[in-house]
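Asks: structural data only, the sequence is not supplied:
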């Protein structure tokens, strides 16, 4: 029998974890409690996802009711369940794509793998099998399944692995002309798709220049390239619109989602696929099959939780609320710009921000102090950015309290090691 707790944490240095594990036992609204009764404000909404806040009984009730009736059944071949069909209809109606088709997955990383396979399979289906290259942006993050690991614009995730997928190209995150040069230098014959986060999330909360996304769309149209919008983080209200593509006027060929679709109450994600990309597989006389599927795709209970979660978003007007709180978040975080340990405060759309501190060591110490003071802070990017994406239900006074706790934590760190 093992003498230590055997759970292997994600993205973790396990010797450190073993000495400082934080066991979360309860959540309510924007707050969490650990096993020792310590209450903390959940500034990152876990991993960006808890849009409607913790402890929503109506979502738990919807999941429990579905499990009593039918917990799950395969979505392969002709089979479907009512929650999956209902969720697909709701998402298709809300999609910023005409006549969208909906492929449901178990989460965002699954959706990314689907997108890469679909892009290559689509071009093969229309007689252009040479279009296989996938383009992503430096600093981008697209989950950690095999394809997502390979196409990420953050090399740290490939440490000791190298690339798992050939035919991948990275371009600068803020220079659309680099994409233009790639295509005009012969890349158009090879490029299948470009994957774009409307706002780069885990790479450090980076907004694209005003004309960047529009120019990517134009270039994709001119050179027959699919544009895949990775909205795993930005979807379902995070940036003050149901989808960031709506906020920024971007028309994707495929839109990936997860996190906010269920607020993390159960694993759920998927892709909204344009009619044009779906056509080779959906036309009446088609003989093609997309040979992709997941055991738990369109999971009935997860879909029921997703429907309940989206009901909360709509009923409580949380998408509009995120837009209203955008200025509040900016106002409480901007003063941190003047702190000696802060390099930059990145605020922009909705309830999404990043605070760049001097280095990853400082950021780690700030996170430790913040926890003791009653705030969850999390490092992203190269470890020097503090991640801000609270539940959309957070109150203005809670945002102000979070900023005060961050300031006090920065002060404490500076007092020890200026």
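Replies: Sure, I can see it. These numbers come from a predicted model, not from an experiment. Numbering: from 1, shown residues only.

Asks: could you list the low-confidence segments of this structure?
Replies: Applying pLDDT under 70 to the chain picks out residues 1-3, 418.

Asks: where do the helices sit along it?
Replies: Taking DSSP state H to define them, one finds helices in the chain at 14-20, 45-48, 57-70, 82-94, 108-125, 146-151, 176-184, 212-223, 244-248, 275-282, 300-315, 318-333, 360-373, 396-416.

Asks: which ones are touching residue 140?
Replies: 151, 152, 153, 154, 170, 173, 195, 196, 197, 200, 203, 230 (CB atoms under 8 Å, 6 or more residues apart in numbering). Quick note: C-beta positions are derived from backbone N, CA and C, even for glycine.

Asks: pick the one among those closest to residue 86.
Replies: For the contacts of residue 140, the residue nearest residue 86 by CB to CB is residue 230; the value is 25.0 Å.

Asks: and the gap between the closest residue to residue 194 other than its chain neighbours and residue 227?
Replies: Excluding its sequence neighbours, the residue lying closest to residue 194 (CB to CB, 6 or more residues apart in numbering) is residue 135, at 4.2 Å. As for residue 135, its distance to residue 227 is 10 Å (criterion: CB to CB, to the nearest Å).

Asks: which of those two has more neighbours?
Replies: Counted by other CB atoms under 10 Å, residue 135 and residue 227 do not tie: residue 135 has more neighbours, with 26 against 23.

Asks: show me the domain layout of the chain.
Replies: 14-55+317-416, 59-315 (automatic domain parsing).

Asks: tell me the span between the first and last residue of the last one.
Replies: In other words, domain 59-315. Using CA to CA, to the nearest Å, the end-to-end distance of domain 59-315 comes out at 13 Å.

Asks: starting at the chain centroid, how far to that domain?
Replies: Here domain 59-315 is found 10 Å from its chain centre; the criterion is CA atoms, centre = their mean, to the nearest Å.

Asks: go ahead and confirm the residue nearest to residue 194 touches residue 181.
Replies: No: under the criterion of CB atoms under 8 Å, residue 135 is not in contact with residue 181, lying 11.8 Å apart.

Asks: give the residues shared as contacts by residue 135 and residue 227.
Replies: With contacts defined as CB under 8 Å, 6+ apart, the residues shared by residue 135 and residue 227 are 193, 194.

Asks: center of the chain - which residue?
Replies: The centroid of the chain falls nearest to residue 233 when counting by CA atoms, centre = their mean (2.5 Å).

Asks: got phi/psi on that residue?
Replies: Main-chain torsions, residue 233, degrees, to the nearest 10: phi -90, psi -40.

Asks: residue 31 contacts residue 39, correct?
Replies: Yes: Residue 31 lies in contact with residue 39 (CB under 8 Å); the separation is 5.7 Å.

Asks: out of the two, which sits in the more crowded spot?
Replies: residue 31 (19 against 11).

Asks: ok, now which ones touch the more buried one?
Replies: Applying CB under 8 Å, 6+ apart, we find residue 31 in contact with 39, 40, 41, 42, 54.

Asks: if the first one is in a bridge, with which residues?
Replies: Residues in a beta bridge with residue 39, per DSSP bridges, are residue 33.

Asks: report the separation between it and residue 52.
Replies: Distance of residue 39 to residue 52, given as CB to CB: 19 Å.

Asks: for the nearest residue to residue 109 once chain neighbours are set aside, grab phi and psi.
Replies: Closest residue to residue 109 apart from its sequence neighbours, by CB to CB, 6+ apart: residue 143 at 3.0 Å. When quoted as degrees, to the nearest 10, the phi and psi of residue 143 stand at phi 80, psi 180.

Asks: ok, now which ones touch residue 98?
Replies: Taking CB under 8 Å, 6+ apart, we find residue 98 in contact with 274, 275.

Asks: look up how far residue 256 lies from it.
Replies: Residue 98 is 18 Å from residue 256, where distance means CB to CB.

Asks: likewise residue 36?
Replies: Distance, residue 36 to residue 256, using CB to CB: 38 Å.

Asks: pick out whichever of those two has more residues nearby.
Replies: Between residue 36 and residue 256, counted using other CB under 10 Å, the more crowded position is residue 256 (29 against 8).

Asks: report how many residues lie close to residue 335.
Replies: For residue 335, the neighbour count with other CB under 10 Å is 13.

Asks: list the contacts for it?
Replies: Residue 335 makes contact with 403, 407, according to CB under 8 Å, 6+ apart.

Asks: what do you get for residue 187?
Replies: Applying CB under 8 Å, 6+ apart, one finds that residue 187 lies in contact with 133, 169.

Asks: still on that earlier bit, specify the beta-bridge partners of the residue nearest to residue 194.
Replies: With DSSP bridges as the criterion, residue 135 is bridged to residue 169, residue 194.

Asks: how about residue 358, phi and psi?
Replies: Torsion angles, degrees, to the nearest 10, at residue 358: phi -60, psi -50.

Asks: what's the local residue count around the closest residue to it other than its chain neighbours?
Replies: Closest residue to residue 358 apart from its sequence neighbours, by CB to CB, 6+ apart: residue 341 at 5.2 Å. Applying other CB under 10 Å, we find 20 residues neighbouring residue 341.
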